[in-house]
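Q: what's the 3D shape of this:
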Amino acid sequence: MVKKKATLKKKTLYSQYAQRHVHEFEGSTKLAEEGADRHNHRFAGVTGQAIRVGNSHIHEIDLSRTDFLNHFHNLKKIRTGPAISVGNGKHVHFVSGQTTLNDGHVHRFNFATLIQAPLV
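A: Presented below is the predicted three-dimensional model:
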């Protein structure tokens, strides 16, 4: 008796584990504090995978350690806005929020993600 080798359904397996898309991003926070302590932070990273919302999608950003000399802030559980078409089937997302509290202050920020898969 010859046993049949189990075959995987690639389409089902692919769709279950397929990577959707992500976006690179970079930005600077708005200034905080006064006098000699007045400063901002720079940051860069990659969003999480696309999360379907209605007829569009969003991404989550979870970034540790913005750039500054003596303290850091995080961008935790930040969600982008829905996709904004920029033509040729490409899109970006607008992001607005504030950093975590550190050293007695937070920083607000606004930025747009970079285009997904720019070379494809």
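Q: C-alpha from now on. contacts and neighbour counts both.
A: OK.
Q: where along the chain do the helices fall?
A: Assigned by DSSP state H, the helices in the chain fall at 10-17.
Q: where does it dip in pLDDT?
A: 1-19, 69 (pLDDT under 70).
Q: swap the cut-off to 80 and go again
A: 1-20, 65-69, 117-120 (pLDDT under 80).
Q: show me the residue at the heart of it, geometrically.
A: T47 (2.3 Å; CA atoms, centre = their mean).
Q: if I read this right, that one contacts F25, doesn't it?
A: Yes - counting by CA atoms under 8 Å, F25 is a contact partner of T47 at 7.4 Å.
Q: gap between the residue nearest to the centre of the chain and H105?
A: T47 sits 25 Å away from H105, going by CA to CA, to the nearest Å.
Q: and if you look at F94?
A: F94 is 24 Å from H105, by CA to CA.
Q: quick one: which of those two has more around it?
A: F94 (16 against 11; other CA atoms under 10 Å).
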